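> need the 3D shape of this:
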Amino acid sequence: MIHHITMRVIAHATEDVSRVREALDFFLSGAGVKEGSKLIEELQAEGHHGNPITILSVQLKKKAECLKFARFVRENISEEDMGMLRKEMPERLDDDTVFHLRFDKQAAYLQQVKLTNSSDAIIAKVKIETYPKNREKAGAIVEELFG
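Numbering: from 1, shown residues only. Modelled structure (predicted):
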C-alpha cells in the first residue's frame, strides 16, 4: 500500500535544532520507529540571505512503520483538520502517486498532529504503491489509510 514515507523539516538559524529534531521524532515514535533520532539525517545549508539552516530528513521504508504512521496521523488529528484533509485529498495526491502532507512543527514539538499550509513545516511525502501506477487506485488507498 505504502512504498515509503519521506519526512523533511528545516531548522532556521533562529531555531533550536534539537527542538525541531524532537518535533520530527514525535512522528517517528508515532510510527513505532525505535531510536528514530538515529535515523534522522542532518544537512547543513545556507539560506537565501546567507543564514545557516539545518535540513533534517528521514525515510520510512518498513511497511509496518508506514502503516503505523498513517494510523497515528488519523487517530491524532483534529476533526477540523480531518475534514480539511478529506476535502483536499485529490489535490494532495500528485500524478506520481505521492500524497503530500504538511504538519505544524510547533504543534509537533508540543506532541500534537496539526496540518498547516505554511512552507515552514514538517513535510511528509507518502509514496503510494500501485502496479501499474494508477492515480485512482492510489486515491482509494489514501482514503482507506487517512480517511
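> how far away is Pro132 from Ala138?
Per C-beta to C-beta, to the nearest Å, Pro132 is found 11 Å from Ala138. Where you see a C-beta, it was placed from the backbone N, CA and C, and this is true even at glycine.
> those two: who's more crowded?
Using other C-beta atoms under 10 Å as the criterion, Pro132 and Ala138 rank with Ala138 on top: 23 against 5.
> for the residue minimising distance to the centre of the chain, name its beta-bridge partners.
The centroid of the chain falls nearest to Ala124 when counting by C-alpha atoms, centre = their mean (2.4 Å). Beta bridges link Ala124 to Met7, Leu101 when assigned by DSSP bridges.
> alpha carbons of the lowest-mean-pLDDT helix or strand in the chain, as CSV, please.
Ranked by mean pLDDT, DSSP states H and E, the helix or strand of the chain with the weakest confidence is helix 135-146, at a mean of 90. C-alpha atoms of helix 135-146 as CSV (Å, rounded to 0.1, in the frame of the first residue of the first chain):
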residue,chain,number,x,y,z
ARG,A,135,-3.8,7.6,-9.6
GLU,A,136,-7.4,6.4,-9.0
LYS,A,137,-6.3,3.3,-7.1
ALA,A,138,-3.8,5.4,-5.2
GLY,A,139,-6.6,7.8,-4.2
ALA,A,140,-8.7,4.9,-2.9
ILE,A,141,-5.7,3.7,-0.8
VAL,A,142,-5.2,7.2,0.6
GLU,A,143,-8.8,7.4,1.6
GLU,A,144,-8.5,4.0,3.3
LEU,A,145,-5.3,5.0,5.1
PHE,A,146,-6.1,8.5,6.1
